[in-house]
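J.: Turn this into a structure:
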Amino acid sequence: MSGANEGSTGERSEPVGVSDNDRKYYSIDRAREALGYDPVDNSAEWDGDDHVA
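T.: Modelled structure (predicted):
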């Protein structure tokens, strides 16, 4: 099987897709590389419904 979840060594991976938050727990580098994932939100820029940044 070949596809986006297959790494260069043929091993499967599960990239994490989360918002691009300043204090994110998981790295989204693999999702960016393998899937072209490009999140547009950062929770640090919001205060409830108000965009503050």
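J.: ok, residue 45 to residue 38 distance?
T.: 16 Å (CB to CB, to the nearest Å). C-betas here are computed from N, CA, C, even on glycine.
J.: cool, residue 18 as well?
T.: Counting by CB to CB - residue 18 and residue 38 are separated by 12 Å.
J.: Quick one: residues contacting residue 32.
T.: By CB atoms under 8 Å, 6 or more residues apart in numbering, residue 32 lies in contact with residue 38.
J.: element containing it, please.
T.: helix 29-35 (DSSP states H and E).
J.: contacting residues around the next helix-or-strand element following that helix?
T.: Remark: after helix 29-35, the chain's next helix or strand is strand 46-47, criterion DSSP H and E. Strand 46-47 is contacted from outside by 52, 53, using CB under 8 Å, 6+ apart.
J.: For strand 46-47, which strands pair with it and how are they oriented?
T.: strand 50-51 (antiparallel) (DSSP bridges).
J.: sorry, back to before: residue 18 and residue 38: which is more packed in?
T.: residue 18 (15 against 9; other CB atoms under 10 Å).
J.: my read: that one touches residue 39, true?
T.: Yes: in this structure, residue 18 is within contact of residue 39 by CB atoms under 8 Å, at 7.2 Å.
J.: shared neighbours of those two, anything?
T.: In contact with both residue 18 and residue 39: residue 28, using CB under 8 Å, 6+ apart.
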